[in-house]
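>>> what shape does this take:
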Amino acid sequence: MLPPCGVERSGPRFVGRGRGTLLLDMTGTSRSQSWPRTAARPAPGPGRLLACTALLAVLLTGAIRGGASTESVNGQIAYTVQGPGLDEFTPQSDIWVMNGDGTGAVNLTDTPDTDEESPVWSPDGTRIAFLQGGTSSRLAIIDRDGGGRVVLTPEPSFQFSPTWSPGGTQIAVVRQVPGEVMALQFDIIVISVDGSGETNVTKSDSDELDPAWSPDGDRIAFAAVRPERATDPITGESVPSAQWEIVTVYPDGTGEQVLSGGDPGTPRAERLEEDRAPAWSPDGRMLVFMSQSVDPCCDRWKIAAVNRDGSGLSVLSEDPESYDMSPSWSPDGTEIVFASDRDAVSGGEFDLYRMPAPASLPSLAPARPAAKGPVTRLTANGRAGRPSWGGRRPLPPTLSLFVLSEAEEGARGRVRVLTRGLRTGNRRMHSYAAGSAVELAAVPRKRSSFAGWFGAINESARRCRLTMDDVMLVTARFVRIP
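Now for the predicted structure:
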């Protein structure tokens, strides 16, 4: 049993028990009752890991004026701000935006009676998806000027961390759902921007958090509890365990790859780290994320990066006195914005900073420090969190269609893809040039009936036609004829 762990000074406290697993929620709210408590999947060896609650205040009210100019291609940074609510005992969160150099800070939502959190820019830089309502929240979208608010999920639920598909027609979000091994677990749900066509992507027996859709649309990255090894605190031996890792899958939930587990025999593979909040580089070659050693518990959070294939894991920030968290890449790929308490006057004060991004990472190397550049402070009021750096990103030249089928007990059916696409090596993944027209046909088997198309399209006709303006996740549903 690991002893309780925490920080040396007042402020964020990370408390863990079991064999090293911690849960840090990144929703951007500071109310203790709004942070999830979940159980991690049992380790493959002796013992059971429990993911426990952690509390962190990460918000802001203003920005430093001046500083170096940021090119307009990078657009603006959206972030969560917590200030006074209707009374001094009820803090309230708003969504703000500012320029990449910290100037021009504007409160977009300014609603003293409603929380807005976890902003993320759409691929074209014109809209922001966010969560409205605190613990039990609704997924919503606003225009970049704060107008045009649309609620996608009218029924509130425990959900957080939205991320856009590359074409801006779908949003993936974390939601608490009933589990099989666990009574409740966090899965990744994909929703069309009109609020229809929900699809559970992960459906695993553990928690998945912090989704990030790749720029080409072919992968979704997230943090998930997966098997790893740890040091037994009594014997000092390496034993089977589990911890939060950065994982990627195809948008249909297949093809899982763990990126941050470390190569066999390296310290990262033999000891536990908690890895969270992945964010893709604009070209999709790399991901940044936040990482904390918890074997023994607990080191400071630092910003790390890894190649798309899991190689070249490197540390980008390693201030021994500060927590560096929630990274987001600039649209031109040259900088990274993140939250940190490195200039905090008292515990729990976080501001936003930016630093140079790596142009590349070593293709094959153990975890190593990367070349470090100057860190520029962007905000100054000690309450900044969850930055998302927005800008116009072009639609990928090719887009993938993922075709699934669901059948109730006793029913059978299949889907025929009538339009030939590019070879992908994955029978459920079909690739087409952006803008292509694709035809699908649902074929029910004996004593079965077709119940409709769901996901990226919602139609009842057996034969349908769709236009590839985004990565598509389509499900054909079949029912049994009595």
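>>> this structure: helices as residue ranges?
If DSSP state H is used as the criterion, the helices of the chain fall at 267-270.
>>> domain boundaries for it, per the record?
Residue ranges for each domain of the chain read 72-389, 398-480, as given by automatic domain parsing.
>>> okay, the ones you listed, which one's buried deepest?
Per residue and on average, the most neighbours among the domains of the chain fall to domain 72-389, with a mean of 20 (mean count of other Cβ atoms under 10 Å). The C-beta positions use only the backbone N, C-alpha and C, and glycine is treated the same way.
>>> residue ranges with poor pLDDT in this protein?
1-73, 84-89, 296, 363-373 (pLDDT under 70).
>>> quick one: contacts for residue 309?
Residue 309 sits next to 257, 259 when contact means Cβ atoms under 8 Å, 6 or more residues apart in numbering.
>>> any idea how far it lies from residue 259?
Distance from residue 309 to residue 259, counting by Cβ to Cβ, to the nearest Å: 8 Å.
>>> how about the strands in the stretch 351-482 of the chain?
Assigned strands in the stretch 351-482 of the chain, in chain order: 351-356, 368-369, 376-377, 384-389, 398-407, 413-417, 429-433, 437-444, 448-455, 463-467, 472-480 (criterion: DSSP state E, counting those that start in this stretch).
>>> repeat for the stretch 51-200 of the chain
54-55, 76-84, 91-99, 106-107, 116-121, 127-132, 138-143, 150-151, 159-164, 170-178, 184-192, 199-200.
>>> please state the offset of the last one from the chain centre?
With Cα atoms, centre = their mean, to the nearest Å as the basis, strand 199-200 stands 16 Å off its chain's centre.
>>> so what strands line up beside it?
Strand partners for strand 199-200, identified by DSSP bridges, are recorded as strand 184-192 (antiparallel).
>>> hmm, who's touching the partner strand?
Contacts of strand 184-192 with the rest of the structure, by Cβ under 8 Å, 6+ apart, involve 36, 38, 139, 152-153, 159, 165, 169-179, 197-209, 211, 220, 222, 251, 455-456, 473.
>>> now swap in stretch 254-264 and tell me
Applying Cβ under 8 Å, 6+ apart, the set of residues contacting stretch 254-264 from outside is 221, 226, 228, 245-249, 268-270, 273, 275, 287, 289, 291, 304, 306, 308-310, 313, 366-367, 426, 428.
>>> for residue 213, which non-adjacent residue is closest in space?
The shortest distance from residue 213 to any residue that is not its chain neighbour, by Cβ to Cβ, 6 or more residues apart in numbering, is 4.9 Å, and that residue is residue 163.
>>> for the one you found, list each beta-bridge partner.
According to DSSP bridges, the residues that bridge with residue 163 are residue 172.
>>> contacts only, for it.
Residue 163 makes contact with 120, 171, 172, 173, 211, 212, 213, 220, according to Cβ under 8 Å, 6+ apart.
>>> would you agree the third one is in contact with residue 160?
No: the pair residue 172 and residue 160 does not pass the contact test of Cβ atoms under 8 Å, sitting 11.6 Å apart.
>>> which residues touch the closest residue to residue 440 other than its chain neighbours?
Ranked by Cβ to Cβ, 6+ apart and with sequence neighbours excluded, the top spatial neighbour of residue 440 is residue 464, at 5.4 Å. Under the criterion of Cβ under 8 Å, 6+ apart, the neighbours of residue 464 are 439, 440, 453, 457.
>>> quick one: which of those residues is nearest residue 352?
residue 457 (39.2 Å; Cβ to Cβ).
>>> the closest one and residue 476 touch, don't they?
No: using Cβ under 8 Å, residue 457 and residue 476 do not qualify as a contacting pair, with a distance of 10.2 Å.
>>> so how far is residue 195 from residue 134?
Looking at residue 134 against residue 195, where the rule is Cβ to Cβ, the gap reads 20 Å.
>>> for residue 288, same thing?
Noted for residue 288: a distance of 31 Å to residue 195, by Cβ to Cβ.
>>> from the chain's centre, how far out does stretch 143-154 sit?
On Cα atoms, centre = their mean, the centre of stretch 143-154 falls 20 Å from that of its chain.
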